[in-house]
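Trainee: kindly return the folded structure for what I paste below:
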Amino acid sequence: MFSAREGVDDAFLSSRVSLDLGDAEIIDAPHSHAAAEKAVELVRTGKAELLMKGSLHTDELLAEVVKRETGIRTGRRISHVFVMDVPGHSHTLFITDAAVNIAPDLDAKRDIIQNAIDLFAGLGLGVPKVAILSAVETVTTSIPSTIEAAALCKMSDRGQITGGELDGPLAFDNAISPEAARIKGIKSPVAGQAQILVVPDLEAGNMLAKNLSFLSRADAAGIVLGARVPIILTSRADNVMTRMASCAVATLFRQSQIAKQPIQA
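Mentor: Predicted coordinates:
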């Protein structure tokens, strides 16, 4: 295990929290930009399998990730997924994208959805039901996100998005509540049973995720997908549970990625 970070006294850390770092290699960097650059280099050269944000700003880390010559980008758009365990709800919810893409266009949303589907499947959860959210469940020209939702569903029909069942537009209530879907007469294998919630933009996703966390006391994990390896993107204010859950999700998904890689002779 490697760690690139701003200079920290390891002896002080070990004595303060009684933490044995074992054989982990600590690579000091003079400042946060250098720490981000070094961490990305470790991944790019195959010396690390995961990337985790520490106390530096998200922009500092992702700027290094997406650099054309020295980053770890792929052909897929980078996006964020919240994995949320909501008390009283029957299953885990995946919410995307609430942290990276501010106002994604149709092509970006295609990648956002595919990243979330790949994560769901990579965690061994099967074929997800994907709800593309808007304010209403009918296509209307006055709400552009409903038109994009309909287009994304057709893209799925044409094989441009694979591995999941898509439906949209759906409002939040009839996406997760079978009763709400029944009352509104929505006949769909996704309505009322959605497992992945695709929000129209970052503002909507951020408010939804924080609403579930602070009002419903949901436990959350957060990772970024679309780079060569999963990126554990937690907030500096996140608690230990969130950090550990995010690490666990990223580790399981990375293991599934490695298992799919062809064995080299």
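Trainee: may I ask you to confirm that Ala39 is in contact with Leu51?
Mentor: Yes - at 5.9 Å, Ala39 counts as touching Leu51 under the criterion of CB atoms under 8 Å. For glycine as for every other residue, the C-beta is placed from the backbone atoms N, C-alpha and C.
Trainee: overlap of the contact sets of the two?
Mentor: Shared contacts of Ala39 and Leu51, defined by CB atoms under 8 Å, 6 or more residues apart in numbering, comprise Leu61.
Trainee: more neighbours: which of the two?
Mentor: Neighbour count, other CB atoms under 10 Å: between Ala39 and Leu51, Ala39 has more, with 28 against 25.
Trainee: what mean pLDDT does the helix or strand encompassing the more buried one have?
Mentor: Following DSSP states H and E, one finds Ala39 within helix 32-44. What helix 32-44 shows for mean pLDDT is 93.
Trainee: same question, stretch 83-95
Mentor: Here the average pLDDT along stretch 83-95 is 95.
Trainee: longest helix in the protein, please.
Mentor: When the chain is parsed with DSSP state H, its longest helix is helix 240-260.
Trainee: wait, isn't Asp173 in contact with Ile183?
Mentor: No - using CB under 8 Å, Asp173 is not in contact with Ile183, being 9.2 Å away.
Trainee: who has more neighbours out of these two?
Mentor: Set Asp173 next to Ile183 and count neighbours by other CB under 10 Å: Asp173 wins out with 15 against 11.
Trainee: and the helix holding Ala39, how far out from the chain middle?
Mentor: 21 Å (CA atoms, centre = their mean, to the nearest Å).
Trainee: for that helix, which outside residues touch it?
Mentor: So helix 32-44 is contacted by 2, 4-6, 27, 29, 48-51, 54-57, 60-61, 63-65, 67, 70-72, 228-229 (CB under 8 Å, 6+ apart).
Trainee: how about that helix as PDB, C-alpha atoms only?
Mentor: Provided in PDB are the C-alpha atoms of helix 32-44 (Å, rounded to 0.1, in the frame of the first residue of the first chain):
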ATOM      1  CA  SER A  32      -1.200  19.300  -1.600                       C
ATOM      2  CA  HIS A  33      -0.700  19.800  -5.400                       C
ATOM      3  CA  ALA A  34       2.400  17.600  -5.200                       C
ATOM      4  CA  ALA A  35       0.600  15.000  -3.200                       C
ATOM      5  CA  ALA A  36      -2.100  14.800  -5.800                       C
ATOM      6  CA  GLU A  37       0.400  14.500  -8.600                       C
ATOM      7  CA  LYS A  38       2.400  11.800  -6.900                       C
ATOM      8  CA  ALA A  39      -0.700   9.800  -6.000                       C
ATOM      9  CA  VAL A  40      -1.900   9.800  -9.600                       C
ATOM     10  CA  GLU A  41       1.600   8.800 -10.700                       C
ATOM     11  CA  LEU A  42       1.500   5.800  -8.300                       C
ATOM     12  CA  VAL A  43      -1.700   4.600  -9.900                       C
ATOM     13  CA  ARG A  44      -0.600   5.300 -13.500                       C
END
